[in-house]
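Novice: pasting the structure only:
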């Protein structure tokens, strides 16, 4: 896994409409799936682990770091697209707004951060993370929306929800030197 970067999305969370979304933590299922991934060959030999500042990503990063001599570092630019204008949305409404977010990347849908802005932010953060990391394989633990935007950017493809992860708790891998994606989203562990 030398010279590789894993982009990992946090797995399942405890959904609490009364709590701001960035403060949601992992569910028991999410913790279990992340622990399976942490022990897998895909996560072997990591030299650095980064996460967004959101609770669910920090918790997932901590599970990945458990048993390794690594400290999870955070980067504000790895946060999910800013959806604070709407806060929590019921699942069907969220999916409709997310569809519009990806379909109209140059527009702010219901006050959400524009997809093109979130893509530029996460690409810049990703470059800073790589520059600040030691040689060897690293992991970035963040979110599906910005992970999809970054994957589209690195692959040279337009922003499209068809590139989105199928569910929470997936990963893709790229070469560290060329940033060429080696594959699309794969589950971190069975659901």
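Specialist: Cool, got the structure. Given the structure is predicted, the values throughout are model-derived calculations rather than measurements.
Novice: enumerate every residue touching the nearest residue to residue 153 once chain neighbours are set aside.
Specialist: Setting aside the residues directly before and after it, residue 153 is nearest to residue 123 in space (Cβ to Cβ, 6 or more residues apart in numbering), at 5.2 Å. Just so you know, the C-beta spots here come from the backbone N, C-alpha and C atoms, and that holds for glycine as well. Listed by Cβ atoms under 8 Å, 6 or more residues apart in numbering, the contact set of residue 123 reads 149-150, 153.
Novice: highest neighbour count among those residues?
Specialist: When neighbours are counted by other Cβ atoms under 10 Å, residue 149 leads the contacts of residue 123 with 27 neighbours.
Novice: my guess is it meets residue 118, correct?
Specialist: Yes. Contact criterion Cβ atoms under 8 Å: residue 149 and residue 118 qualify, at 5.7 Å.
Novice: quick check: neighbours shared by the two?
Specialist: Counting by Cβ under 8 Å, 6+ apart, the residues touching both residue 149 and residue 118 are residue 81.
Novice: would you check how far apart residue 31 and residue 72 are?
Specialist: 15 Å (Cβ to Cβ, to the nearest Å).
Novice: neighbour count winner among these two?
Specialist: The neighbour count for residue 31 versus residue 72, taken as other Cβ under 10 Å, is higher for residue 72 (21 against 16).
Novice: element containing the closest residue to the more buried one other than its chain neighbours?
Specialist: Leaving aside its sequence neighbours, residue 72 sits nearest to residue 61 (Cβ to Cβ, 6+ apart; 3.9 Å). Assigned by DSSP states H and E, residue 61 belongs to helix 55-65.
Novice: list the contacts of residue 29.
Specialist: Contacts for residue 29 (Cβ under 8 Å, 6+ apart) come out as 11-12, 191.
Novice: likewise residue 100?
Specialist: By Cβ under 8 Å, 6+ apart, the residues touching residue 100 are 107, 109-110.
Novice: pLDDT below threshold where in this structure?
Specialist: Where the chain drops to pLDDT under 70, the residues are 1-2.
Novice: tell me how far residue 170 lies from residue 33.
Specialist: As judged by Cβ to Cβ, residue 170 and residue 33 stand 10 Å apart.
Novice: and for residue 160?
Specialist: According to Cβ to Cβ, residue 160 and residue 33 sit 26 Å apart.
Novice: neighbour-wise, which of those two wins?
Specialist: Ranked by neighbour count (other Cβ under 10 Å), residue 160 and residue 33 place residue 33 first, with 24 against 12.
Novice: that one falls within a helix, correct?
Specialist: Yes. Assessed with DSSP: H, G, I helix; E, B strand; the rest coil, residue 33 lies in a helix.
Novice: isn't it up against residue 169?
Specialist: Yes. Taking Cβ under 8 Å as the definition, residue 33 is a contact partner of residue 169 at 5.1 Å.
Novice: next, count neighbours for the nearest residue in space to residue 128 that is not next to it in sequence.
Specialist: Using Cβ to Cβ, 6+ apart and skipping residues adjacent in sequence, the residue nearest residue 128 is residue 75, 6.6 Å away. Applying other Cβ under 10 Å, we find 19 residues neighbouring residue 75.
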